[in-house]
Each structure stands twice: as C-alpha cells, then as structure tokens.
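J.: got a structure for you, letters missing:
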Ligand code: UT7
C-alpha cells in the first residue's frame with residue numbers, strides 16, 4: 001500500500017453578511033425577549049444575507065480569503081468540497097457555482113450533505129483525497145444561508161440560526177508546513193433523522209401548494225432532544241480527539257457554535273477552562289456548517305492559535321451526524 005501523505009491546513013478564510021440582526025428584532029413578532037435568548041443560548045445577534053446573496057456568494061468571499069492566506073491561486077486547486085444544507089439550488093451543487101466564480105478551472109467540485117457537521121465532513125473528505133495522493137490542493141468549505149429556511153413563526157428555532165461561510169485550503173504538509181491534520185472522525189445515527197429536518201421538498205414529499213401552506217419547507221427542530229444529544233457528543237468527541245495526547249499540548253478547542261449552554265456544559269464535563277475554547281456564538285448565532293470554519297479563521301487571524309500546539313474541532317447536527325478533527329498547528 002502506498003504511504004499516506006501528511007496533510008496540512010495551508011490557509012483559512014471566512015465571510016459573514018453585513019446585516020447584523022439583534023435579538024430585539026424577534027421581539028417585534030414573536031413571544032420572546034432579548035433576555036431569554038441571551039440566557040438560554042448566549043446569542044446577542046446574528047447575520048442575515050442580503051436579498052441578492054445566496055450561499056455561493058458568501059463562499060466566494062471566504063474562498064478568496066483562504067486562497068490568499070494560503071498563497072495559492074484558484075487555478076492550483078484540484079478539488080472543491082462544500083458542506084451545506086442550504087445550497088443556492090437543489091441542482092446543481094453550490095461547489096460548481098463557486099468553482100466557476102473563483103476561476104478554479106482544473107478543479108472537480110461537489111457538495112456534501114451533513115448539516116451542522118458539513119465542514120467536518122468536507123475537511124475529512126479533502127484530507128482523504130490529499131492523503132491518498134488523489135488531489136494536491138483542496139478547498140473545503142462550510143456555509144449556510146439559514147435565514148431562508150427558518151420558520152419565523154417558531155420561536156423555538158427562529159432565534160438561533162444565522163448565515164455565514166468559512167473555508168480552508170488543504171495541501172501536503174511538506175508544502176505548507178502548518179496545520180497538520182493528525183486525525184478525523186465522522187459518525188451518524190439516522191434513527192434521529194427527525195430531530196432536525198425539513199420535511200418537504202425532497203423525493204418523499206415534493207413541493208406542493210399544500211406543503212408550502214403547512215410550512216413544511218422550513219426547519220423543524222426538537223430543540224430539547226438535540227440539546228441532550230449535543231452535550232454528550234461534544235464532550236465525548238473532544239476526549240476522543242485528544243486521546244493519547246497531553247492536554248497541556250492543547251492550544252484551542254473550536255466547537256460547533258450550537259448554544260453557549262451546550263458548550264459550557266461540555267467543558268464542565270471535561271473540567272476545561274474557557275480560555276482554551278473559541279466562542280463567537282454571541283455575534284453570529286448558529287450558522288450550522290459554517291460555525292467551525294468561521295471560528296477557526298477568526299481564531300487564526302486573532303493570533304489565538306499557538307504554532308506547534310493542538311487544535312480540536314468538533315461539530316454535530318441533523319442526521320444525526322457528528323465529526324471531529326485534531327490538528328497540530
Ligand atoms: O446545530 C444543531 C441545531 N440545533 C440546535 O442548535 C438546537 C439545540 N437546542 C437548543 O439550543 C435549545 O434547546 C433551544 C435554544 C432551542 C431551546 O432552549 P431550551 O432551554 O432547551 O428551552 P425548551 O425547549 O426546554 O423550552 C423551555 C421553555 C418552553 O416554555 P414552557 O413549555 O416551559 O412554557 C418554551 O416554549 O421556553 C419556551 N421557549 C421560549 N421562550 C421565549 C422556547 N423558545 C423560546 C423563545 N423565547 N425563543
């Protein structure tokens with residue numbers, strides 16, 4: 001068997017839309033309050049895409065920033081993988097639109113459907129392609145325009161979601177000399193498919209006037225069940241990623257920005273302190289597949305990641321799905 005190529009993260013980039021939407025916005029039409037939202041989720045505001053912006057538009061900004069950070073051009077890319085549950089169209093993929101817009105003339109392109117685990121899945125896929133020698137430079141993204149799929153009549157879900165995009169460029173570690181991906185993991189439990197789902201618009205219930213009338217094209221979520229699943233999986237995955245390594249080597253945990261209380265509960269279980277955890281949910285809410293790459297990029301640009309030390313990324317969401325990665329920066 002050919003030896004595995006070590007893979008590194010050569011650059012990161014992110015983009016959030018300009019329009020900031022404070023909690024007070026929801027007080028205008030839902031029985032909710034800024035106080036409830038801050039206390040129960042940690043969210044103070046989120047970004048919503050402009051009317052003429054869709055997921056691929058957010059991705060193009062994030063991709064260009066990641067390419068610039070990596071110091072490579074779009075024509076150098078062999079592959080683009082996008083984790084999203086909100087592509088511009090059901091057909092074709094968002095990845096193809098991005099491939100065209102950034103001028104990645106030689107690249108293959110596809111989307112992966114893993115909801116909030118979308119970036120961990122695109123990262124894992126890109127890593128496997130580079131490690132196997134099937135691609136040399138891969139752009140991986142996690143991006144969402146959830147504001148188009150939120151049911152603004154449902155106070156239990158409308159208040160948590162936001163829009164954004166994050167990206168990373170993967171190359172052989174020998175080439176970039178940073179961000180070596182030491183391990184990744186992916187998991188799923190489809191028996192929980194209806195914890196978070198959009199029940200119509202697919203092949204089981206194609207769109208009809210009735211499905212629209214019944215609001216079945218919006219996200220439906222069993223928040224309390226997701227909460228329980230999230231706390232246990234977040235702490236278990238962080239432990240699994242660090243297994244065999246000394247916690248002293250850890251520089252930062254970049255968790256899915258699902259709910260501040262979920263992050264805090266998972267940290268509590270692990271006896272971890274705040275300063276080693278990246279949290280930006282107060283600014284952007286839960287952007288599903290985009291939370292981890294946006295937070296990673298912000299941490300990287302803010303100088304919060306110590307070179308040579310370990311970064312853990314974890315996410316989970318609809319499917320149910322979960323995924324993690326351990327990186328030596
Ligand atoms: O990335 C994966 C996507 N999914 C998630 O991120 C969801 C994870 N779950 C959560 O973040 C939390 O479960 C929520 C933020 C969605 C809800 O918080 P909670 O503390 O689990 O609230 P709850 O569902 O247990 O509801 C408690 C009460 C209920 O009222 P009653 O039945 O006790 O009278 C809800 O109706 O809070 C009420 N409630 C609200 N009140 C004011 C639910 N949403 C709201 C709201 N404003 N926005």
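T.: On my side now, so go ahead. On a predicted model such as this, the values are computed, not experimentally measured, just so you know.
J.: In terms of pLDDT, where does whichever residue of the stretch 101-250 of the chain sits closest to the ligand sit?
T.: The nearest approach of the stretch 101-250 of the chain to the ligand comes at residue 223, 3.0 Å away (C-beta to the nearest ligand atom). In short, each C-beta sits where N, CA and C put it, glycine included. pLDDT, the model's per-residue confidence, is 84 for residue 223.
J.: Tell me who's in contact with it.
T.: 156-157 (C-beta atoms under 8 Å, 6 or more residues apart in numbering).
J.: How about the one 3 residues further on?
T.: Contacts of residue 226 were listed using C-beta under 8 Å, 6+ apart, and they are 195-196.
J.: isn't there a strand covering it?
T.: No - applying DSSP: H, G, I helix; E, B strand; the rest coil, one finds residue 226 to be helix, outside a strand.
J.: quick one, what contacts residue 203?
T.: Going by C-beta under 8 Å, 6+ apart, residue 203 touches no other residue.
J.: Get me the contact residues on the chain for the ligand.
T.: Counting by C-beta under 6 Å from any ligand atom, the residues of the chain lying close to the ligand are 32, 36-37, 40-41, 116, 155-156, 159-160, 196, 221, 223-224, 226-227, 230, 258-259, 286, 288, 317.
J.: Among those residues, which ones are in helices?
T.: Counting by DSSP state H, the part of those found in helices is 36-37, 40-41, 155-156, 223-224, 226-227, 230.
J.: What residue, apart from its backbone neighbours, is nearest the residue of the stretch 1-150 of the chain found nearest the ligand spatially?
T.: Residue nearest to the ligand within the stretch 1-150 of the chain (C-beta to the nearest ligand atom): residue 32, separated by 3.3 Å. Spatially, and ignoring its direct neighbours in sequence, residue 32 is nearest to residue 155 (4.8 Å; C-beta to C-beta, 6 or more residues apart in numbering).
J.: go on, residue 274?
T.: residue 267 (7.2 Å).
J.: wait, isn't residue 270 in contact with residue 235?
T.: Yes - when contacts are counted by C-beta atoms under 8 Å, residue 270 is listed as touching residue 235 (5.4 Å).
J.: So between those two, which is more surrounded?
T.: residue 235 (20 against 15; other C-beta atoms under 10 Å).
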